[in-house]
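> coords below, sequence missing:
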């Protein structure tokens with residue numbers, strides 16, 4: 001029997017372990033899941049306290065990418081799905097110290113997005129005229145696989161003001177990155193496809209209007225909401241997955257120190273030859289026939305240094321940034337602001353301590369007792385360092401200063417949480433896809449090692465679920481069909497098929 005060792009117990013590693021353990025049509029491999037923290041789930045972490053259900057990491061699942069919803073359905077958690085509150089349909093963008101409603105639908109190029117931008121007070125008349133010029137700008141001669149930054153693409157199509165006050169705060173904020181460095185093809189490839197197909201973004205929006213439908217199918221019983229959560233928090237998904245890992249050896253609070261090649265005589269207990277030895281920091285050694293590494297790229301680089309130095313060097317080129325979330329709870333009677341919306345984002349040009357603020361209790365009605373409101377402030381982008389070393393008191397003070405200046409909120413919070421996430425957000429810089437391809441190619445000499453996770457082909461929960469599932473599928477296909485050793489990163493566009 002093959003022994004598979006999965007390193008990393010975040011949502012990617014958990015999904016891979018779950019899929020391997022439930023393999024049909026073939027005897028499942030012996031599986032060991034190793035996580036350095038005392039809990040599983042990685043950045044998915046829910047605080048449940050005094051009636052509050054507040055996410056400390058990601059707060060939602062994007063329904064337009066179906067993979068996480070499919071897993072939720074498979075686990076029997078559909079009845080626990082909740083959609084965004086109706087109050088959260090509007091979001092705001094800061095300009096000149098004021099909050100302006102964001103033009104609705106512009107990032108999805110909905111039919112109403114053109115009208116919404118035209119009516120918006122966020123963009124100047126000159127900026128709107130420049131955006132309209134998209135109708136007369138050709139797609140050029142760029143190859144479909146020719147990368148450019150998100151900022152460069154939208155500046156070329158819609159102008160600099162649109163980048164500064166629409167693209168930067170909303171798209172850059174999602175990645176906690178600099179839009180002038182982030183890869184268009186790795187982050188939002190559909191915009192390039194729309195440009196190539198329709199000749200421009202406005203033409204693409206008009207074509208969608210003429211087609212008569214802009215709704216995307218979802219598996220969510222919560223309606224057509226683009227974002228959903230779970231009533232008892234997203235950690236419910238982690239807990240259900242963990243409880244479903246029948247037959248999996250789960251090692252928590254155990255750190256992998258090195259991975260070594262096994263000598264010729266190295267064998268796992270059931271007699272199958274072990275290719276690798278996974279050495280833990282407490283001295284234990286686990287033989288492995290195959291490895292799925294879901295750790296951050298900089299950790300994976302350290303683990304592969306001794307057996308795949310070229311891959312290790314390439315992995316070190318993937319950059320990360322640190323972020324902070326600070327959740328503050330106020331008595332509803334102390335807050336004069338109506339909080340009708342999901343919150344606001346802060347463009348890089350607006351110098352603030354925070355990069356965004358989610359009006360959490362408005363966004364997720366189930367999260368907060370009715371007498372209170374919860375606000376969740378975000379700090380840190382690749383070009384705006386988060387004050388990771390600051391004290392909780394200093395972070396809260398900085399957040400309160402911005403809330404007072406931007407929202408007029410000067411009330412005293414009654415409770416709160418500060419969560420630091422050092423080196424947590426991978427940065428998909430221009431050329432990211434080619435770099436991942438090179439990492440894949442460099443693993444040809446080290447068979448039965450697969451990489452998956454937020455560093456490679458998508459950093460949201462659905463993308464990580466997809467990558468974990470494909471890593472498991474790739475390995476199982478090799479076992480069933482006795483094909484050559486799997487060497488492809490499980491997230492490659494070929495769907496995890498072996499080369």
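Structure's in. What do you need? These figures come from a predicted structure and were not determined experimentally. Numbering: from 1, shown residues only.
> alpha carbons only for contacts and neighbour counts from here, please
Fine.
> pretty sure residue 205 sits in a helix.
Yes: assessed with DSSP: H, G, I helix; E, B strand; the rest coil, residue 205 lies in a helix.
> that one: how many residues sit nearby?
Neighbours of residue 205 under the rule other Cα atoms under 10 Å: 23.
> equivalent analysis for the one 4 residues further on, please.
A count of neighbours around residue 209, defined by other Cα under 10 Å, yields 15.
> where's it relative to residue 139, distance?
21 Å (Cα to Cα, to the nearest Å).
> next: residue 84.
In terms of Cα to Cα, residue 84 sits 36 Å off from residue 139.
> check residue 16 too.
From residue 16 over to residue 139 the distance is 40 Å, taken as Cα to Cα.
> can you check residue 371 too?
Residue 371 is 53 Å from residue 139, where distance means Cα to Cα.
> so if I had to pick from those two, which one is more boxed in?
Per other Cα under 10 Å, whichever of residue 371 and residue 139 has more neighbours is residue 139, with 18 against 9.
> now do stretch 81-92: everything it contacts.
99-102, 104, 220-223, 225, 227-231, 340-345, 362-365 (Cα atoms under 8 Å, 6 or more residues apart in numbering).
> please spell out which residues along the helix or strand bottoming out on mean pLDDT in the chain are buried.
Every helix and strand of the chain was ranked by mean pLDDT, DSSP states H and E. The lowest is helix 201-211, at a mean of 85. Of all the residues in helix 201-211, those buried under the rule 16 or more other Cα atoms under 10 Å are 201-206.
> report the distance from that helix to the chain centre.
In terms of Cα atoms, centre = their mean, to the nearest Å, the gap separating the centre of helix 201-211 from the centre of its chain is 28 Å.
> kindly report the same for stretch 322-333.
21 Å.
> contact partners of it?
Residues from elsewhere that reach stretch 322-333 (Cα under 8 Å, 6+ apart): 56-57, 176, 370-382, 385-388, 395-396, 399, 411-425.
> now do stretch 56-63
Looking at what lies outside stretch 56-63 - Cα under 8 Å, 6+ apart - the contacts are 43-47, 68-69, 218-220, 225-229, 234, 325, 419, 460-462.
> model confidence for the residue lying closest to residue 102 once chain neighbours are set aside, exactly?
Sequence neighbours aside, residue 92 is the residue nearest to residue 102 in space, at 5.1 Å (criterion: Cα to Cα, 6 or more residues apart in numbering). Residue 92 is assigned 95 on the pLDDT scale.
> quick one: residue 92 from residue 363, how far?
Residue 92 is 13 Å from residue 363, by Cα to Cα.
> for residue 94, see how far away residue 355 is.
Applying Cα to Cα to residue 355 and residue 94 gives a distance of 10 Å.
> oh, that last question was meant for residue 73, not what I typed.
From residue 73 over to residue 94 (counting by Cα to Cα), the distance is 38 Å.
> so which of these two has more stuff around it?
residue 94 (23 against 15).
> bridged to that one, which residues?
residue 99 (DSSP bridges).
> do the same with residue 293
On the basis of DSSP bridges, residue 293 is bridged to residue 7, residue 451.
> I'd say it and residue 6 touch.
Yes: counting by Cα atoms under 8 Å, residue 293 does reach residue 6; the two are 5.9 Å apart.
> three-state assignment of residue 453?
coil.
> surely residue 48 is in a strand?
Yes: assessed by three-state DSSP, residue 48 belongs to a strand.
> what about the closest residue to it other than its chain neighbours, distance to residue 39?
Once flanking residues are discounted, residue 48 sits nearest to residue 54: 6.6 Å by Cα to Cα, 6+ apart. To residue 39, residue 54 is 17 Å away according to Cα to Cα.
> who has more neighbours out of these two?
Neighbour count, other Cα under 10 Å: between residue 54 and residue 39, residue 54 has more, with 25 against 15.
> got the contact list for that one?
So residue 54 contacts 46-48, 233, 367-368 (Cα under 8 Å, 6+ apart).
> could you dump those to a markdown table with neighbour count, distance to residue 330 and pLDDT?
Output for the contacts of residue 54, formatted as a markdown table (neighbours: other Cα atoms under 10 Å; distance: Cα to Cα, whole Å; pLDDT from 0 to 100):
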| residue | neighbour count | distance to residue 330 | pLDDT |
| --- | --- | --- | --- |
| 46 | 20 | 19 | 97 |
| 47 | 16 | 17 | 95 |
| 48 | 13 | 17 | 95 |
| 233 | 25 | 20 | 97 |
| 367 | 21 | 14 | 94 |
| 368 | 20 | 11 | 94 |
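> quick one on the thing from earlier: who has more neighbours out of residue 92 and residue 363?
residue 363 (25 against 21).
> residue contacts, that one?
84-88, 341-342.
> any residues in contact with both of residue 355 and residue 94?
By Cα under 8 Å, 6+ apart, the residues touching both residue 355 and residue 94 are 345-347.
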